[in-house]
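Trainee: The amino acid sequence is not available; the structure is as follows:
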């Protein structure tokens, strides 16, 4: 960074969204702009910060942000701006700061841009990273937004009790793998579904789920759930929606709870599938509850207190799927919707 | 009743379910059996009671009871037995009792048969009627199961707060009319939907709803709800399901609650309609909760304490649609599914 009158201007590669996307997104909906530059100094009098982006997070909720907003039927997240860089969670290093809470050299996680360097003007939702004796990339997953999503969704929304029967869809993903481990730590019976043999093996052999199955190989999801939950499901951690939700509804136990974290199977459809078995919520007195992680960020210190020792003792493990380089980011994001990733999808922009 | 050795045997007309019903039920799915008789004395040593049925209740949940049970997808209520009388809620007078809690002359409400006289062996869920300075038929509606459903659903499930915006479907029905009045008493803004001009007038002019509309005249339910709830719905009391639920989901406010009491629009369909907008529960962090009234019957004394004074002061009113005679019961029940009834559908079997 220039300390004198001249300010260093450096090249700043960016991943740009070309236009709003309908249907299934493609790599070509984004492009790498290599001609941009950025000054690595915050403007005089601003309380923004300049960061170098290290790790970027690919998350399912980013798909709705690529959609053209429909008046009266807005998505739950602000849409991306065509022609601008993709925005998302990441781990970054502060290079310059006009904000009293941040100083050069700080590591942070939170919302940033898909580019090498970002000027961040909204710093309210950035978290400073104090624990660096774990992989820094964990702050895009296990110790970041997905981790907090698992924590809030399971402990705060599902009201779990020891011994309960828990089902998790998209169970090897960034959120699911952690929900399953939380449930096991509490003494629950835990079953997960995923989309490949490799993922199913991971669930059973690495994350310690009691059972796991490949939903693509189950012609009858209702029968599959009946097999693993002959007495029914107390808690369903919902990540996928559609047919899986319909099958789950028929297998819920009395007073069961469904925490709706997302519905990845529906994000690429212009018209979401119908769910037909909602009547089951009456007979079984089921509670379905949607939640968004940002309402629980005040619990982040409590979450770290719980999770950090478990990580260090090897009682909680985390699997990441790491893509190298900003140029690999579009493919990594698209892969999330085909289920190509195994574990949390991270993109490494720089290692320090 | 015979007091000596001989026991009086009297004629006992019954409404019999012919066979399981699929699709839309018809009057001819039931028939009046006039050849039966009954002894008006409980068997020696039994703790059953013999009652004379005065008022019978026609309720939407009776439709699922007419359906053939599908293994693995059981309805939430026990099916009726083809060849046997329809069962349902009613107000009855005890003629003979083998049970210490009941004596001849007692008035009770609870589950009985669609017949002139019934032998009731399961008396656990019968309520003794202590307040007879209100119309006895009210114990099939306002002061019976539907009243308790409104009370439990609104106060216990919806967590209502003064000033909140409340929408009720099937709002002029046995449950809806009372939910609306509870919400008004609490200081909420209340809108109801119903299926005719007469019902809409009732909602606005008799029950004091702020607004009401005829859903059959709204080509776009989403637009209709937007009109009445420009800032969104805090509480939806769900009685109908299907398209209405889909439109409501798009109009919920952040942290809105949907109490699912029933889904009458779906009961006659072999394949329930799909609900497409469930993703909205994430963005708006909505809670959907099914409930069944029997879990709240312990609150019945508290409910009476609240409601009886309001009835006497004219602050809660109740509209009934009264059919005369057991022979009119099949048509009355079928009318519930076409919306022919205006207010709570009651059948008078005998007035005392």
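Mentor: Arrived safely. Since the structure is predicted, the reported quantities are computational estimates derived from the model, not experimental observations.

Trainee: Tell me how many other residues crowd whatever residue of chain A ends up closest to chain B.
Mentor: Distances between chain A and chain B by C-beta to the nearest C-beta are smallest at residue A:274, namely 1.4 Å. C-beta here means a position set from N, CA and C on the backbone, and glycine is covered the same way. Using other C-beta atoms under 10 Å in any protein chain shown, the number of residues around residue A:274 comes to 16.

Trainee: my guess is it contacts residue B:277, does it?
Mentor: No - checked against C-beta atoms under 8 Å, the pair residue A:274 and residue B:277 is beyond contact range at 9.7 Å.

Trainee: which SS state does residue A:327 fall under?
Mentor: Classification of residue A:327 using DSSP: H, G, I helix; E, B strand; the rest coil returns helix.

Trainee: Give the closest residue to it in space, chain neighbours not counted.
Mentor: Leaving aside its chain neighbours, residue A:327 sits nearest to residue A:32 (5.4 Å; criterion: C-beta to C-beta, 6 or more residues apart in numbering or on different chains).

Trainee: Just list whatever residues bridge to the one you found.
Mentor: In this entry, residue A:32 is beta-bridged to residue A:15, by DSSP bridges.

Trainee: which ones are touching it?
Mentor: A:13, A:14, A:15, A:16, A:326, A:327, A:330 (C-beta atoms under 8 Å, 6 or more residues apart in numbering or on different chains).

Trainee: now swap in residue A:257 and tell me
Mentor: A:157, A:158, A:159, A:234, A:235, A:236, A:286, A:287, A:288, A:289.

Trainee: Mind listing the residues bridging to it?
Mentor: Applying DSSP bridges, one finds that residue A:257 bridges with residue A:235, residue A:287.

Trainee: so residue A:22 sits right up against residue A:64, yeah?
Mentor: No - checked against C-beta under 8 Å, the pair residue A:22 and residue A:64 is beyond contact range at 11.8 Å.

Trainee: So for those two, which sits in the more crowded spot?
Mentor: Neighbours of residue A:22 and residue A:64, each counted by other C-beta under 10 Å, are more numerous for residue A:64; the result is 23 against 12.

Trainee: before we move on, which element is that one in?
Mentor: Counting by DSSP states H and E, the element that carries residue A:64 is helix A:62-65.

Trainee: continuing past that helix, what's the next helix or strand?
Mentor: Remark: after helix A:62-65, the chain's next helix or strand is strand A:87-97, criterion DSSP H and E.

Trainee: Pairing partners for that next one, with directions?
Mentor: Within its sheet, strand A:87-97 is paired with strand A:49-57 (antiparallel), strand A:107-113 (antiparallel), according to DSSP bridges.

Trainee: Next, format the ones you listed as TSV and append mean neighbour count.
Mentor: Formatted as TSV, those follow (neighbours: other C-beta atoms under 10 Å in any protein chain shown):
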stretch	mean neighbour count
strand A:49-57	25
strand A:107-113	22
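
Trainee: leaving aside the residues next to it on the chain, what's closest to residue A:98?
Mentor: Nearest residue to residue A:98, sequence neighbours excluded (C-beta to C-beta, 6+ apart): residue A:42, at 4.2 Å.

Trainee: Quick one: neighbours of the one you found, just the number.
Mentor: For residue A:42, using other C-beta under 10 Å, the count is 19.

Trainee: Now do the contacts for it.
Mentor: Residue A:42 is in contact with A:48, A:49, A:50, A:96, A:97, A:98, A:119, counting by C-beta under 8 Å, 6+ apart.

Trainee: The strands paired with strand A:87-97 into a markdown table, with extra columns for mean pLDDT?
Mentor: Output for the strands paired with strand A:87-97, formatted as a markdown table (pLDDT from 0 to 100):
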| stretch | mean pLDDT |
| --- | --- |
| strand A:49-57 | 98 |
| strand A:107-113 | 97 |
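
Trainee: so what's the closest residue to residue A:203 other than its chain neighbours up against?
Mentor: Nearest non-adjacent residue to residue A:203, counting by C-beta to C-beta, 6+ apart: residue A:212, 3.6 Å away. Residue A:212 sits next to A:171, A:191, A:192, A:193, A:194, A:199, A:200, A:203, A:204 when contact means C-beta under 8 Å, 6+ apart.

Trainee: go with 7 Å
Mentor: Contacts for residue A:212 (C-beta atoms under 7 Å, 6 or more residues apart in numbering or on different chains) come out as A:171, A:191, A:192, A:193, A:194, A:200, A:203, A:204.

Trainee: quick one: buried residues of stretch A:129-148?
Mentor: Across stretch A:129-148, burial judged by 16 or more other C-beta atoms under 10 Å in any protein chain shown covers A:129, A:134-148.

Trainee: Contact residues of the stretch 101-250 of chain A facing chain B?
Mentor: Taking C-beta under 7 Å from any C-beta of the partner chain, the part of the stretch 101-250 of chain A that reaches chain B is made up of A:226, A:241, A:250.

Trainee: Just the buried ones from those?
Mentor: Looks like those have A:241, A:250 buried, using 16+ other C-beta under 10 Å.

Trainee: looking at this, residue A:119 is in a helix?
Mentor: No - counting by three-state DSSP, residue A:119 falls outside a helix, being strand.

Trainee: What score does it have for pLDDT?
Mentor: Listed pLDDT for residue A:119 reads 97.
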